[in-house]
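Q: Quick one, structure for this:
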Amino acid sequence: MTVAIIGADAAPLARALRAVRVVDVVVYEPTAAPPPMRPWARGRTDPPPPRHRIDVLGLDFDEQADRWLIQLSGGEQSTADVVVLTADTVDASLPTGRGRPARPLPVTGRDGRTLDAAWADGPITFRGIAVHGFPNLFLLGGPDPLAPLRHSRRPTQIDHITTWISALRRQSGTRIEVRASTQHEYHRRLALHRTDRRPRRLGGPKPHHFDITVAADRHPAHDYQGPALLDLPGAEYPVIATLAGHADPIDGRYHWYGRLDPIDGSLPEPTRVTALLAVPGQTPTPARLTERDPWGNLRITGTGVPPYPLEQL
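A: Numbers count the residues shown, from 1 in each chain. So this is what the prediction gives:
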């Protein structure tokens with residue numbers, strides 16, 4: 001796992017990540033940034049992380065590989081599993097306005113949404129370290145309304161970021177993202193926090209605040225879900241079919257199965273009579289209705305060519 005820290009004054013976080021033996025750390029410092037105030041660390045035997053004095057022109061999240069594509073000046077490109085933006089880079093990512101850069105750093109997360117668009121009405125984060133819709137991205141010194149109420153913001157953020165990157169590696173995940181409900185609830189409580197004469201403690205990040213997943217977790221557990229027509233002698237029933245299947249290595253045949261949910265509220269009773277199931281654009285396929293599940297839906301099975309196209313598998 002590779003973590004790219006983008007911005008000036010990256011040494012404290014780089015040291016924290018190295019201390020817990022988490023990852024390979026790479027630092028990209030803007031060419032206009034002053035030299036680091038402190039050396040790597042006196043008495044350390046391990047080499048400091050690679051530092052590149054180069055400007056980052058944009059960040060794009062690759063949803064297939066769960067990695068960030070880093071666009072660098074001079075037409076160069078790099079990748080990283082996780083990206084951390086330091087305070088100066090976060091400021092450059094804020095929407096334009098008073099005291100803001102005329103051209104914010106382009107950061108594109110899931111579904112092509114940019115950080116500039118997500119923050120059009122003001123920056124929204126979870127504790128200033130993460131933004132829903134931008135997986136594997138952390139902010140060090142990000143916008144946090146509670147910052148003035150804390151004695152020190154930065155050490156806390158370094159601890160949180162290090163903890164969650166460690167969790168991603170420990171759980172062998174490829175994507176970590178703060179949940180939308182977590183971010184929403186945090187800002188709801190912030191509104192109450194501001195009106196209280198005696199501010200309440202909001203607590204620190206918890207395991208359920210973030211989703212840590214791999215690609216297989218985000219793929220549907222079914223091969224087809226959609227409208228279908230169940231044909232029995234003398235009656236037809238429009239249904240929503242949720243189907244899956246697999247090739248059996250013993251008999252060499254394809255076995256498919258699934259659930260039928262009624263569209264108009266009615267389903268037949270399970271029967272030994274062979275039924276036909278047809279999905280739009282496909283040939284009706286023989287099937288057998290086995291039983292009702294506890295919710296009143298029908299279970300269906302079949303052998304051979306399934307009613308859905310195999311190209312979707």
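Q: Where does pLDDT dip in the stretch 1-150 of the chain?
A: 22-23, 33-47, 91-104, 142-150 (pLDDT under 70).
Q: show me where it has helices.
A: Along the stretch 1-150 of the chain, counting by DSSP state H, counting those that start in this stretch, helices occupy 11-19, 87-93, 115-118.
Q: hey, which of the ones you listed is tucked in deepest?
A: Among the helices of the stretch 1-150 of the chain, ranked by average contacts under mean count of other Cβ atoms under 10 Å, first place goes to helix 87-93 (a mean of 21). Quick note: C-beta positions are derived from backbone N, CA and C, even for glycine.
Q: Phe134 is in contact with Thr125, correct?
A: No: using Cβ atoms under 8 Å as the test, Thr125 is too far from Phe134 to be in contact (9.8 Å).
Q: Make JSON lines out of the helices of the stretch 1-150 of the chain and add distance to His160.
A: Below are the helices of the stretch 1-150 of the chain laid out as JSON lines (distance: least, Cβ to Cβ, whole Å):
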{"stretch": "helix 11-19", "distance to His160": "11"}
{"stretch": "helix 87-93", "distance to His160": "15"}
{"stretch": "helix 115-118", "distance to His160": "19"}
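Q: right, and the ones you listed - which one's nearest Ile176?
A: Ile176 sits nearest to helix 11-19 of all these, at 14.5 Å, using Cβ to Cβ.
Q: which secondary structure elements does that closest one contact?
A: strand 2-6, strand 24-29, helix 154-170 (3 or more Cβ pairs under 8 Å, 6 or more residues apart in numbering; DSSP states H and E).
Q: what angle do that helix and strand 24-29 make?
A: Taking axes from the mean of the first three to the mean of the last three Cα atoms, to 10 degrees, one finds helix 11-19 and strand 24-29 inclined to each other by 170 degrees.
Q: quick one: helix 11-19 to chain centroid distance?
A: Distance of helix 11-19 from its chain centroid, counting by Cα atoms, centre = their mean, to the nearest Å, is 24 Å.
Q: before we move on, what about stretch 177-197?
A: Using Cα atoms, centre = their mean, the offset of stretch 177-197 from its chain centre is 20 Å.
Q: now do stretch 300-313
A: 30 Å.
Q: now stretch 166-176
A: 12 Å.
Q: sorry, back to before: most tightly packed of the helices and strands packed on helix 11-19?
A: Neighbour counts (mean count of other Cβ under 10 Å) averaged over each of the helices and strands packed on helix 11-19 peak at strand 2-6, with a mean of 24.
Q: And the contacts of that one?
A: The contact list for strand 2-6 (Cβ atoms under 8 Å, 6 or more residues apart in numbering) reads 13-14, 17, 22-28, 49, 56, 59, 68, 70, 78-86, 89, 140, 165.
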